[in-house]
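Asks: pasted the sequence and its predicted model underneath.
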Amino acid sequence: MCPVNEKQSPDRAFEAYRGDINAVQRRVAREIDPGARALVVAILVFVLIVALLLPHTGGVNGIDVLLGGDDARAARVALPHRIFCWLALVFGVGFSMLALLTRRWGMAWTAAAGSGIGCVFGMLAVWSRQTATAGLPGPSVGLYLAWVAVILLTFHWIRVVWERTAAQLAEEQLQRQVAEEQPQEGLLRRNERKHGAVAGDPPANSEPAKNSEPAANSDPEPEVDS
């Protein structure tokens, strides 16, 4: 068993833990930190659930619109209205709760994208009730409340995803810089070890320093008799 060089042991220890460090960095890069927005999103999810229970048009609530019951057919609920309710339930409620619980960037991105599409269909749902045939009920408070909640959820999830994306780009840039600097540092260390092994101790027959003081044993000048 060959002995381990003490000078190379820190590098080998770092290499041994490099895989674990990279795994932790990848896991952190996939997570989000909504901070105070988590409370806002949780409140909006609760408001959206309440909005689905409230009347959307006449006496038809959001659950009737989702299931397409007799009341929804009697009120002639349009297809954009049903699509909006399903988008609000799946993305505004479902994926928003999953993103808050798992803190996964992919879940947050899915919630933002689905809620963004839901904003468009919410506008179409309101428009379809406002332009309904005479004698049919118009939009009610539940539809307006659900539409506003989906719009606000889209805004907050986009902010969370954007902040996480900027942090990921900064982290990737830092990793590239570290990866570029490590080979150069390793080459410099090898060169230092190589020159240190070749040079060894400084030569003993180096040129001595010149003595600036005069010699102590110089002959004194003879005295002259007067």
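Replies: Happy to help now that I have it. Residues are numbered from 1 along each chain as shown.
Asks: pLDDT on stretch 49-56, on average?
Replies: Stretch 49-56 carries an average pLDDT of 95.
Asks: buried sites along it?
Replies: Buried residues in stretch 49-56, counting neighbours by 16 or more other CB atoms under 10 Å, are found at 49, 51-52, 54-56. The C-beta positions use only the backbone N, C-alpha and C, and glycine is treated the same way.
Asks: from these, which land in helices?
Replies: Using DSSP state H, the members of the buried residues of stretch 49-56 that fall within helices are 49, 51-52.
Asks: would you reformat the residues you listed as TSV and include distance to Pro34?
Replies: Shown next, in TSV, are those (distance: CB to CB, whole Å):
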residue	distance to Pro34
Ile49	19
Ala51	22
Leu52	23
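Asks: just give me the closest of the residues you listed to Thr110.
Replies: Set against Thr110, the nearest of those by CB to CB is Ile49 (18.8 Å).
Asks: Three-state assignment for the nearest residue to the closest one once chain neighbours are set aside, please.
Replies: Spatially, and ignoring its direct neighbours in sequence, Ile49 is nearest to Val93 (6.1 Å; CB to CB, 6 or more residues apart in numbering). Using DSSP: H, G, I helix; E, B strand; the rest coil, the structure places Val93 in helix.
Asks: equivalent analysis for Gly106, please.
Replies: Assignment for Gly106 (three-state DSSP): helix.
Asks: look at it and report its pLDDT.
Replies: 88.
Asks: since we're on it, how many residues are nearby?
Replies: Number of residues near Gly106 (other CB atoms under 10 Å) recorded here: 14.
Asks: and it, how far from Ile117?
Replies: 17 Å (CB to CB, to the nearest Å).
Asks: so for the helix or strand where Leu143 lies, mean pLDDT?
Replies: Leu143 belongs to helix 141-199 when assigned by DSSP states H and E. Averaged over helix 141-199, pLDDT sits at 73.
Asks: what sits against the residue nearest to Ile49?
Replies: Residues in contact with Val93 (CB atoms under 8 Å, 6 or more residues apart in numbering) are 45, 48-49.
Asks: take these and lay them out in JSON lines including distance to Val126.
Replies: Converted to JSON lines, the contacts of Val93 look like this (distance: CB to CB, whole Å):
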{"residue": "Val45", "distance to Val126": "21"}
{"residue": "Leu48", "distance to Val126": "16"}
{"residue": "Ile49", "distance to Val126": "20"}
